[in-house]
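**Q** Let me see the structure of the following:
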Amino acid sequence: MPIYKIRGIDVDFPFQAYDCQVVYMEKVIQSLQEGKNALLESPTGTGKTLSLLCATLAWRKSFGEFSTNPNEEKGWGSSQPSSSQSVSSTPSDSQRSGLPVIIYTSRTHSQLKQVIRELKTCNYRPKMAILGSREQMCIHDNVKLLRGKAQNHACQYVCKKRKCRHHSQVSEFMKKHNPLGNEPFDIEDLVNIGRTKGPCPYYVSRELHKSADILFAPYNYLIDPGNRRSLTGIPWSKAVLIFDEAHNLESICADAASFDLPSTYITSCISEANQCIDLCIKKRAIEKSADKQFDPDNYAILKALLMKLEKKIGEVVIQSKELGFTRPGNYIYEFLSDLNVTYETANMLMDTIDNAAQFLEEANNAAGGAQSKPKGTVCRLETIKDVLNIIFRDGGKSHSLFYRFHVQESQSNYSESFKAKNFRTLSWWCFNPGIAMQEFEKLGVRSIILTSGTLSPLDSFALELNMEFPIRLENPHVIDSDQIWVGVVPTGPSGYPLNSSFRTRDSLEYKQELGNTIVNFARIVPDGLLVFFPSYYMMDQCIECWKSMSHASSTQVLTIWERICKHKHPVIEPKQSALFSNAIEDFETKLRNRSTSGAIFFAVCRGKVSEGLDFADQAGRAVVVTGMPFSTKTDPKVRLKREYLDQPASRLKTDLKGLTGEEWYVQQAARAVNQAVGRVIRHRRDYGAIIFCDERFLQQGRQEQMSYWLRPHVKCYSKFGDVIFTVTKFFREKKDSLLLRPKQKEIILVEECCSDKDGLPQIMGSASQSPINSVSLPVQSSSGKPRLLIQASTNRTKTDNYIPVGSIPPANRATLPDQFNNLQQQFNYFKRDLESHCVEVVDLSSEEALKLPFSLKKQKVLETRNGHLERENKRALPLSLCGKISEKKEVILGNTSTGTSCSGEVESRGSAFLTQVREKLSVAEYKDFVGFMKALKSKTMTITPVLESIAKLFSFPGRFSLLKMFKDFVPTKYQEKYEELLRIHGPQD
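**A** Numbering: from 1, shown residues only. Next comes the predicted model:
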């Protein structure tokens, strides 16, 4: 396997790493070494998970061998990396407390399963553990049939009564099977061990986490205080927390710190308290017990308090059903003080509720007899305990600053007889998700790394969490520009605007125009097509309309829906989670059906299709976004969140520019769009189209909210015919290129004998140059998530070549053909040439520069002073930045007004400018830059649109210097026009 030396750490990577993977690993290691938080975005298909695992584990290994090695020799209490890497004894828990522990979390178990699959591909073997719920791990014949809290209670009951043989075997099993965790395993593997060997998988995982080097768990094990406290084996001050797929982390944190308490729940709690009173009276009469747990007075107090709470909520004056009753967060303490609920009394109430839950569980099981199956009791009183924990967290009230107290009339789905009854919900909403993250700061964790393919915009994401993220990264994609088509389609086939905003979404004209637009895309897009709507309401309304009508001006008898089905078999995302797997299977089946050109999946932004699924290759050749998925502005929670953010008091750090309510509102929709479009390009060789069918995407602000890698590819079309033409051409060219592509592996060479001034081996050109140390570079696998139908090649050759990072250009520096990976190396060869040759150099400020010969003929050989042969870049340089060709066919980059040049002229404006262009543009953008110059030379474009295109290309932050420098190369007669472009695209003062 290649080994990359990154910031002094040897990273053993299983494949030849892409540039962006090296940059990503460098940021991860920087975060870990410096003990700083990181916010890292890398598109799906760039190998983010594998890079994250390898970099983190390499850093961890620098402190000493993993706990899987029984023969270790290192200072276990040391906080600095050990220079020795062999030891003699396995560390005890107390010894290993000085070593870093990696806690890797993701949103779902299915996502963690893919992470562990990636762990199996790398060369590191840390001691690992994975945590999960009883629902995934329980193997007890009866308890496994239950769900939620009922299952938890039943498990606790059978363990306490020693009625679970699996639980009783855990201790002995762990003594005999110490190597468990030395090899990667997932929950299914642990369950199989339990079924074959006997021990309870749930409690085995709880034991394993105490000695693990890396622990995998869902988010809630870290975010939920109760679950976090159960992780007794974690030295938090040495812990590294990784949140993968973190784009939803802010909402998850906020929801975990909030609660909604419907009055129906309170009614159920009163009933349970009354049940406890009756049971206590019966138990005391039979057993004559004076145990406080069976004191009916405790439960009578609890019942009386709940009845007062129910009454008080009902008495709240709600003047507007739409607005509800709202107060600042600290009003909750005033509200509860009338019920005599304070921090002290709340603790007593929570103890009573714990006793009640246990009491009800035992009574419920005892009623069935000694041989009865554990039934599992859903104790709604525990909801009251959860509420009190949130309100009185840490015994303080300061956190209430970030909350809003709200009471609203709830929508009832009951029959007519219940309509007159008040049905209210008491809510206490947290609008600062940073509260959950601040808990980790209090614990003193070493680093927190948040990563995903769709974190943009990073600034607003960091502001929402109220945390400092000094280390940030927005990675480009590994694909080339010809593998992606991205377009904004503002109008449909008949020219009617496509706009799904509230004012137009219900109009018949809009729905028909959108339908006919999708008919066209269903016709020209091969295989799988994904169509995302802003909401289930919009999807249902549009499909209902399409099934009943054709286009108003159409003479066809077929409805819009029938015309769609003529080209692709439809599948609709269900609202019910239980039906989702069936929908996926249906899509796969219809995709294989060759009676049409494929299948079309109608889905919703923020739905299950838009998150975590892998529509690689034929499963997803295009995605259509039909609008911006804005939340309903009148929703009380959305309205109050916006109001909260617009208040200066909402900002924890006064030195930070706060996120406004409108900015939050927009970025939430933008992030949902980014997540949806990420379903298409899933690996290095994948290709597809992303189509934005809403005129609002024409706005520059909307495009700036898109993922970093996507922005350079976005093009806006004024005519629908141009869209159809270019999309058709895109897929035809990709089909032709696949038919013509030779089935051979790409080869790069690591030339050990020719090093740069730092003594680092250079990655040279094609295989014909040298037979030395060839490294196979086939297609790299994607993120590892489950793929639909078509599997991309993952047989990348593993090698043992050592490649220092210094020889690999950063991902944000465009890589032209392999032989010129290092632009500075190219300039060095030119500089050597200049020392012994004089050539004619072009004045870049003259109009004559635009008339230079321009050729895409085969490569020319450049002769250098030391006789080493290099090949000229196949891709022609920009016209005004190319030198004339000398008698020796040497291309020199320079810029003077004379006919000769000397060695110092290599530092001229032209070469300096070209260097910066190569550094600051992505590979796709550099190709566009060259393309503009080619178009100018071939007269397919005039100079004015070329200048406009280049100005737009240089208008991103960090490139304004290019925008200004390019003025030096603009002919005098066009200077005034370029000055106007500078004012439009330049930085605003």
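
**Q** all contacts plus neighbour counts: C-alpha atoms, from now on.
**A** Noted.

**Q** the strands in the stretch 551-700 of the chain, which residues?
**A** Using DSSP state E, counting those that start in this stretch, the strands found in the stretch 551-700 of the chain span residues 569-572, 598-604, 622-625, 688-692.

**Q** In the sheet, which strands lie alongside the last one, parallel or antiparallel?
**A** The strands that strand 688-692 pairs with in its sheet are strand 484-488 (parallel), strand 622-625 (parallel) (by DSSP bridges).

**Q** Can you list the neighbours in contact with the shortest one?
**A** Where contact means Cα atoms under 8 Å, 6 or more residues apart in numbering, the residues beyond strand 622-625 that reach it are 525, 528-533, 673, 676-677, 679-680, 688-694.

**Q** Please apply the same query to stretch 487-506.
**A** Around stretch 487-506, the neighbours that count as contacts under Cα under 8 Å, 6+ apart are 509-511, 513-514, 516-517, 538, 541, 626-628, 690-698, 714-721, 723.

**Q** Leu514: what's it in contact with?
**A** 492, 498, 626, 693.

**Q** Restrict those residues to the buried ones and give me that as a PyMOL selection.
**A** Buried residues within the contacts of Leu514, by 16 or more other Cα atoms under 10 Å, are selected in PyMOL with:
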select buried, resi 492+498+626+693
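
**Q** In this protein, which residue is most central in space?
**A** Ser452 (2.5 Å; Cα atoms, centre = their mean).

**Q** now for the contacts of Leu514, which pair is the farthest apart?
**A** The distance between the two most remote of the contacts of Leu514 (Cα to Cα) is 11.5 Å, for Gly492 and Thr626.

**Q** who's in contact with the nearest residue to Leu962 once chain neighbours are set aside?
**A** Counting by Cα to Cα, 6 or more residues apart in numbering, Leu962 lies nearest to Phe954, which is 6.1 Å off, once chain neighbours are set aside. Residues in contact with Phe954 (Cα under 8 Å, 6+ apart) are 960, 962-963.

**Q** Which of those ranks first by neighbour count?
**A** Highest neighbour count within the contacts of Phe954: Leu963, with 22 neighbours (other Cα atoms under 10 Å).

**Q** give me the element that one is part of.
**A** In this assignment (DSSP states H and E), Leu963 forms part of helix 960-965.

**Q** Then Arg404?
**A** Using DSSP H and E, the element containing Arg404 is strand 403-409.

**Q** who's in contact with that strand?
**A** Contacts of strand 403-409 (Cα under 8 Å, 6+ apart): 313, 316, 318, 321, 323-332, 422-432, 640.

**Q** Tell me, please, the helix or strand in this protein that averages the lowest pLDDT.
**A** strand 774-776 (a mean of 28; mean pLDDT, DSSP states H and E).

**Q** Nearest residue to Arg380 in space, please, no chain neighbours.
**A** Cys269 (5.7 Å).

**Q** Now do the same contact list for the one you found.
**A** Per Cα under 8 Å, 6+ apart, neighbours of Cys269: 303, 306, 380-381.

**Q** Tell me which of the residues you listed has the lowest pLDDT.
**A** Sorting the contacts of Cys269 by pLDDT puts Arg380 at the bottom of the list (84).

**Q** who does the strand holding Arg404 pair up with?
**A** Here, using DSSP bridges, strand 403-409 pairs with strand 325-328 (antiparallel), strand 424-430 (antiparallel).

**Q** May I see the buried residues of the first one?
**A** What that stands for is strand 325-328. For strand 325-328, by 16+ other Cα under 10 Å, it's 325-326.

**Q** what do you get for stretch 500-508?
**A** Applying 16+ other Cα under 10 Å to stretch 500-508 flags 500, 505 as buried.
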